[in-house]
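Novice: I'll drop the sequence and a predicted model, then ask my questions.
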Amino acid sequence: MTATRASVAGLYVGTSGWSYPTWRPDFYPAEVRPPDFLRHYAERFATVELNTTGYRLPREELFERWAEQTPAGFLFAPKLNAHLRSDFGTFAERVRLLGERLGPIRAVVASARDEGLLALLLGSFDPSVQLALDLRHDSWDGIEPALPPNAVRVNALESDAPFRYLRLREPPYSDDDLRDWAAKLRPLLDDGVRVYCYFKHEDEPTGPAYAARLVELLAE
């Protein structure tokens, strides 16, 4: 498959992770070794979800290495387990090591609505950091108007924030499905809204294929 980095202003499309040997040889050439996967991925896409940070924070030098392996303009979207309240400060310090490669932080909250947790979460990061709130309990419905400009709810297209964060988790996606998504996202991009969109990892490299096709459609 062929994929190139997005040339559409404000568009960041990628996948949830990159370190998958089963993506050889259709996405990664057969001769590419796992330590070189990220560099190869970043030649084709402008962003990736960094899910490992939601389970255990990698050591400092790993964040620095990831930043060094990716080109200017590439953005990581780290995952934060928002239930580990005591770790917010450490998390913020660690992901800052990505420097200009730090994109939005996806904060996962599976529990019921908790205003204290929300206030702590929002207050733990500099307002310049974009926060994508992955609120998985129905009691959070309707919270969007209360969020500051640097925060959105994952998969919410309606917002006053200058960015959106989408996770497309229900493959397979037909070409018509991807055209429908392109039609939804194009007006946002035309209005100057930054759009982050991530496809689900599967054993086969379907995620990169969907991502590449969506970029192609939006570049038409």
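Specialist: Noted; the coordinates are in hand. Numbering: from 1, shown residues only.

Novice: tabulate the CA atom coordinates of stretch 183-201 in PDB.
Specialist: Output in PDB follows, covering the C-alpha atoms of stretch 183-201 (Å, rounded to 0.1, in the frame of the first residue of the first chain):
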ATOM      1  CA  ALA A 183     -17.800  15.000   4.000                       C
ATOM      2  CA  LYS A 184     -18.300  15.500   7.800                       C
ATOM      3  CA  LEU A 185     -14.700  16.700   8.300                       C
ATOM      4  CA  ARG A 186     -14.300  18.900   5.300                       C
ATOM      5  CA  PRO A 187     -16.400  21.800   6.700                       C
ATOM      6  CA  LEU A 188     -14.400  21.800   9.900                       C
ATOM      7  CA  LEU A 189     -11.100  22.000   8.100                       C
ATOM      8  CA  ASP A 190     -12.500  24.800   5.900                       C
ATOM      9  CA  ASP A 191     -13.400  26.700   9.000                       C
ATOM     10  CA  GLY A 192      -9.800  26.400  10.300                       C
ATOM     11  CA  VAL A 193     -10.600  23.700  12.900                       C
ATOM     12  CA  ARG A 194      -7.700  21.200  13.500                       C
ATOM     13  CA  VAL A 195      -8.900  17.600  13.100                       C
ATOM     14  CA  TYR A 196      -7.300  14.600  14.700                       C
ATOM     15  CA  CYS A 197      -8.600  11.200  13.600                       C
ATOM     16  CA  TYR A 198      -7.300   7.800  14.500                       C
ATOM     17  CA  PHE A 199      -8.200   4.400  13.100                       C
ATOM     18  CA  LYS A 200      -8.300   1.200  15.200                       C
ATOM     19  CA  HIS A 201      -5.300  -1.200  15.200                       C
END
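
Novice: now tell me what touches that stretch from outside.
Specialist: Contacts with stretch 183-201, where a contact means C-beta atoms under 8 Å, 6 or more residues apart in numbering, come from 8-17, 20, 47-49, 75, 77, 103-104, 132, 157, 162-171, 173, 181, 206-208, 210-211, 214, 218. Just so you know, the C-beta spots here come from the backbone N, C-alpha and C atoms, and that holds for glycine as well.

Novice: among those residues, which ones are in helices?
Specialist: When the contacts of stretch 183-201 are checked against helices (DSSP state H), the matches are W181, T206, G207, P208, Y210, A211, L214, L218.

Novice: widest-spaced pair of those?
Specialist: The two members of the ones in helices among the contacts of stretch 183-201 with the most space between them (C-beta to C-beta) are T206 and L218, at 18.7 Å.
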